[in-house]
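Q: Give the three-dimensional model of this entry:
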Amino acid sequence: MAEILSALRSLMASHSPPLHALIVPSEDYHQSEYVSDRDKRREFVSGFTGSAGLALITKDEARLWTDGRYFLQAMQQLSDQWQLMRIGEDPSVDSWISDNLPREAAIGVDPWCVSVDTAQRWERAFAKNQQKLIQTSSNLVDEVWKNQPPAETNPVIVHPLEFAGRSVAEKLKDLREKLAIERARGIIITALDEVAWLYNIRGSDVSYCPVVHAFAIVTLNSAFLYVDKRKVSSKVSSSIQENGIEVREYGAVSSDVALLASNQLDKDTGLSSGRNDVCETGTCEAEENNNDLIWVDPASCCYALFSKLDAKKMLLQQSPLALAKALKNPVELDGLRNAHIRDGAAVVQYLVWLDKQMQEIYGASGYFLEGKGASKKRLETMKLTEVTASDKLEGFRATKEHFRGLSFPTISSVGPNAAVIHYSPQPETCAELDPDSIYLFDSGAQYLDGTTDITRTVHFGKPSEHEKACYTSDSTQVLKGHIALGNARFPNGTNGHALDILARIPLWRYGLDYRHGTGHGIGSYLNVHEGPHLISFRPQARNVPLQASMTVTDEPGYYADGNFGIRLENVLVIKEADTEFNFGDKGYLSFEHITWAPYQIKLIDLSLLTPEEIEWLNTYHSKCREILAPSMDKNELDWLKKATEPVSA
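A: Model (predicted):
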């Protein structure tokens with residue numbers, strides 16, 4: 001690590017102008033949350049492997065900013081050459097630079113790896129002391145990364161209409177109508193999941209995310225896909241071109257954005273309006289004379305492409321595809337429901353297997369009974385670890401129809417590791433399962449018809465009296481918050497910031513809380529984290545009202561650092577609510593649970609639940625039995641029936 005920092009500082013000193021600091025973001029050229037191995041530059045320089053964070057290297061300091069999900073992980077992974085900066089508690093990176101670096105300091109960043117919003121915010125902060133954000137012509141990290149993985153060249157796949165639910169032609173027509181309304185003649189699409197959704201394509205360029213490294217430009221008259229052509233077979237190319245989309249090399253996006261800015265891109269292609277019947281009766285051609293804006297999403301477009309455009313002729317606002325993608329069509333909703341049934345069956349099969357293994361290997365009392373586990377396991381070769389257990393869970397999922405892989409690295413965590421919110425077990429260092437410790441697993445899968453994400457927390461032995469008092473009480477408060485949010489009814493126009501409190505109130509009563517959001521959207525065989533909506537205390541949760549046919553997770557938690565962690569998570573679909581009244585004629589919304597797996601009764605203090613909460617729990621468990629029974633063998637069904645028996649206070 002010292003050699004990497006030294007090499008970067010040497011490049012900073014020789015840069016023109018010399019750089020006082022270098023910012024290394026987590027993001028790739030598309031501002032992705034999850035990136036390919038080649039794009040893990042921040043991880044390479046810092047050693048911190050979390051998905052969110054930002055590194056700052058100055059002449060004599062190295063600091064890493066990350067959010068509350070990763071505080072513990074960063075403390076464990078950062079060397080003593082790095083200082084952890086806690087987002088929400090310490091000054092932001094731009095404030096720290098403004099206050100601590102000299103006047104007129106030059107701060108370097110690769111403009112391909114930073115969004116317009118972020119770069120402009122930094123520039124405003126730096127201006128106070130005449131500091132400047134310098135766009136480096138190359139990525140300095142790439143220059144010192146000798147064994148940087150090569151770019152992915154995985155094949156582009158057409159996502160069938162039977163799963164997508166809407167054709168490319170329909171999506172392009174809707175998009176062009178939005179361009180015309182906003183008086184825009186073109187849009188630059190940079191977010192990988194938006195490109196994949198619009199063109200009904202998928203890939204495997206980023207682990208766990210079925211996306212392709214690609215850009216798109218759509219004008220009133222034409223459409224382009226910028227991708228490494230080696231990834232596009234002749235069959236796929238023909239399918240794409242049938243939709244009026246021209247395939248160009250990935251690197252050509254830079255020069256084509258410049259052509260777009262000067263209104264030369266359509267002329268360069270010779271394409272005419274009305275491609276693929278998207279613009280009818282020449283309407284688009286007529287409108288083009290009045291539309292002169294280029295639509296750019298400042299949150300996802302990189303600063304490098306933005307810098308090629310005329311600032312006076314830009315429409316800087318959220319991509320219209322973000323909301324269109326979040327509002328699932330009926331085919332996508334049915335696919336998500338079906339995917340979650342298969343996924344729930346895999347989770348129950350895993351719990352049945354794990355329950356048996358914990359009893360046979362460790363002498364645990366098991367999922368249903370309380371009792372201290374035996375102190376010795378049978379054979380060293382039979383031990384279970386966080387990794388071998390999670391591999392088994394993946395194995396159960398892999399047997400299900402339409403399975404295409406995991407949707408994120410499985411969080412399989414025992415005892416103190418469960419307190420690390422985004423813990424990622426490694427084979428060399430992971431913990432062995434312990435019959436007398438909490439086990440939390442947060443996992444999901446990619447199926448052709450939907451993406452899944454579920455968390456359950458279980459215990460196969462008997463906690464100490466203190467642990468039980470803490471854990472069952474805390475676990476019950478998490479469950480109460482989980483139920484409260486899932487049962488919410490709320491008027492149209494309500495955002496996720498307003499609902500976030502519902503999951504926290506039971507914890508707040510005890511002076512407890514958690515450092516992550518409560519819910520995120522989820523894709524249809526796309527990214528497991530999908531915006532633009534979310535349920536969170538973060539201000540951006542105010543930006544987008546929740547709407548019917550959106551998906552969202554419900555995942556409150558509690559984490560006792562160094563001891564244990566608790567989280568419960570289901571995926572919900574937002575639907576119209578049938579209410580007795582309709583105040584203000586707004587219409588009301590509610591949630592439909594589509595995740596199916598039992599909650600462990602022995603970890604719930606039933607005396608803390610209200611009659612309504614017990615009724616909800618029994619109803620949910622009854623549905624679990626009914627929905628999952630056809631996927632179970634006799635042994636699994638017997639276990640499921642026992643796990644979902646009705647309870648009372």
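
Q: make it CA atoms for all contacts and neighbour counts henceforth
A: OK.

Q: would you list every one of the strands in the stretch 501-649 of the chain?
A: Taking DSSP state E, counting those that start in this stretch, the strands of the stretch 501-649 of the chain run over residues 519-521, 530-535, 551-554, 557-560, 564-567, 570-576, 588-593.

Q: Mind checking those for the one nearest to Ala484?
A: Comparison of those against Ala484 by Cα to Cα identifies strand 551-554 as nearest, at 9.8 Å.

Q: okay, now Glu401: neighbour count?
A: Other residues near Glu401 come to 13 when the count uses other Cα atoms under 10 Å.

Q: name the element it belongs to?
A: Assessed by DSSP states H and E, Glu401 sits outside every helix and strand.

Q: Distance of it relative to Ala445?
A: According to Cα to Cα, to the nearest Å, Glu401 stands 12 Å off from Ala445.

Q: Can you pull the poorly scored residue ranges out of this structure?
A: Low-confidence segments of the chain (pLDDT under 70): 268-290, 373-381, 463-469.

Q: Quick one: list the elements packing against the longest helix seen in it.
A: Secondary structure of the chain read by DSSP state H shows that its longest helix is helix 330-362. Identification of packing neighbours for helix 330-362 by 3 or more Cα pairs under 8 Å, 6 or more residues apart in numbering; DSSP states H and E yields helix 161-164, helix 386-398, strand 450-451, helix 611-628, helix 634-643.

Q: Next SSE downstream of the third one?
A: The helix or strand immediately downstream of strand 450-451 is strand 454-459, counting by DSSP H and E.

Q: could I have the helix or strand just after that following strand exported to PDB, CA atoms only?
A: Reading on from strand 454-459 to the C-terminus, the next helix or strand found by DSSP H and E is helix 465-486. C-alpha atoms of helix 465-486 as PDB (Å, rounded to 0.1, in the frame of the first residue of the first chain):
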ATOM      1  CA  GLU A 465     -30.000 -14.800  29.700                       C
ATOM      2  CA  HIS A 466     -28.400 -11.500  28.900                       C
ATOM      3  CA  GLU A 467     -28.100 -12.300  25.200                       C
ATOM      4  CA  LYS A 468     -31.700 -13.500  25.100                       C
ATOM      5  CA  ALA A 469     -32.900 -10.400  26.900                       C
ATOM      6  CA  CYS A 470     -31.100  -8.100  24.500                       C
ATOM      7  CA  TYR A 471     -31.500 -10.200  21.400                       C
ATOM      8  CA  THR A 472     -35.200 -11.200  21.600                       C
ATOM      9  CA  SER A 473     -36.200  -7.700  22.700                       C
ATOM     10  CA  ASP A 474     -34.100  -6.100  19.900                       C
ATOM     11  CA  SER A 475     -35.100  -8.700  17.400                       C
ATOM     12  CA  THR A 476     -38.800  -8.100  18.300                       C
ATOM     13  CA  GLN A 477     -38.400  -4.400  17.900                       C
ATOM     14  CA  VAL A 478     -36.900  -5.000  14.400                       C
ATOM     15  CA  LEU A 479     -39.800  -7.200  13.600                       C
ATOM     16  CA  LYS A 480     -42.300  -4.700  14.900                       C
ATOM     17  CA  GLY A 481     -40.700  -2.000  12.700                       C
ATOM     18  CA  HIS A 482     -40.700  -4.400   9.700                       C
ATOM     19  CA  ILE A 483     -44.400  -5.100  10.200                       C
ATOM     20  CA  ALA A 484     -45.300  -1.500  10.800                       C
ATOM     21  CA  LEU A 485     -43.700  -0.400   7.500                       C
ATOM     22  CA  GLY A 486     -45.100  -3.400   5.600                       C
END
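
Q: Can you give the strand pairings for the helix or strand immediately after helix 465-486 in the chain, parallel or anti for each?
A: Using DSSP H and E, the helix or strand that follows helix 465-486 towards the C-terminus is strand 490-491. Next to strand 490-491 in the sheet, as set by DSSP bridges, lie strand 588-593 (antiparallel).

Q: got the angle between the partner strand and helix 465-486?
A: 130 degrees (axes from the mean of the first three to the mean of the last three Cα atoms, to 10 degrees).

Q: Go through strand 588-593 and flag the buried ones.
A: Under the neighbour-count criterion of 16 or more other Cα atoms under 10 Å, strand 588-593 has Tyr588, Leu589, Ser590, Phe591, His593 buried.

Q: ok and that strand relative to strand 570-576, angle-wise?
A: 150 degrees.

Q: circling back: Cys301: which of the strands of the stretch 501-649 of the chain is closest?
A: Nearest to Cys301, of all those, is strand 530-535, at 14.8 Å by Cα to Cα.

Q: and the closest one, what does it pack onto?
A: helix 320-326, helix 496-508, strand 519-521.

Q: So which residues of the stretch 1-150 of the chain form helices?
A: Taking DSSP state H, counting those that start in this stretch to define them, one finds helices in the stretch 1-150 of the chain at 2-14, 41-46, 71-77, 93-100, 116-127, 140-144.

Q: Just checking: what are the partner strands of whatever helix or strand comes next after the last one?
A: The one in question is helix 140-144. As assigned by DSSP H and E, the chain's next helix or strand after helix 140-144 is strand 157-158. Its sheet considered, strand 157-158 pairs with strand 201-202 (antiparallel) by DSSP bridges.

Q: Now do the partner strand: everything it contacts.
A: Strand 201-202 is contacted from outside by Val156, Ile157, Val158, His159, Val195, Ala196, Pro210, Val211, Val212, using Cα atoms under 8 Å, 6 or more residues apart in numbering.

Q: if we go to 6 Å?
A: The contact list for strand 201-202, computed with Cα atoms under 6 Å, 6 or more residues apart in numbering, reads Ile157, Val158, His159, Ala196, Pro210, Val211.

Q: Over to stretch 336-351?
A: Against stretch 336-351 from outside (Cα under 6 Å, 6+ apart): Leu393, Phe396, Arg397, Gly450, Ile594, Thr595, Trp596, Ala597, Leu628.

Q: Report the buried residues of the helix or strand where Ala258 lies.
A: Using DSSP H and E, Ala258 falls within helix 253-261. Neighbour-count burial for helix 253-261, counted by 16+ other Cα under 10 Å, picks out Val253, Asp256, Val257, Ala258, Leu259, Leu260, Ala261.

Q: As a markdown table, those residues with distance to Ala560 would be great.
A: Below are those laid out as a markdown table (distance: Cα to Cα, whole Å):
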| residue | distance to Ala560 |
| --- | --- |
| Val253 | 48 |
| Asp256 | 52 |
| Val257 | 50 |
| Ala258 | 53 |
| Leu259 | 55 |
| Leu260 | 53 |
| Ala261 | 53 |
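
Q: now, the most widely separated pair of those?
A: Val253 and Ala261 (12.1 Å).

Q: surely Cys519 meets His533?
A: Just so we're on the same page, residue 519 is Gly rather than Cys. No - assessed by Cα atoms under 6 Å, Gly519 is found out of contact with His533, at 9.0 Å.

Q: Identify the residue nearest Asp94 in space, chain neighbours excluded?
A: Trp122 (5.5 Å; Cα to Cα, 6 or more residues apart in numbering).

Q: Quick check: the one you found vs Thr136, distance?
A: From Trp122 to Thr136 the distance is 15 Å (Cα to Cα).

Q: Could you do Ala184 as well?
A: Distance of Ala184 to Thr136, computed by Cα to Cα: 30 Å.

Q: Neighbour count for these two, which is higher?
A: Ala184 (24 against 18).

Q: who does the more buried one bridge with?
A: Leu293.

Q: right, so the strands of the stretch 501-649 of the chain: which one is the most enclosed?
A: Compared across those, strand 551-554 shows the largest average neighbour count, a mean of 28 (mean count of other Cα atoms under 10 Å).

Q: Check what contacts that one and list those residues.
A: Strand 551-554 is contacted from outside by Thr518, Gly519, His520, Gly521, Ile522, Glu569, Asn570, Val571, Leu572, Val573, using Cα under 6 Å, 6+ apart.
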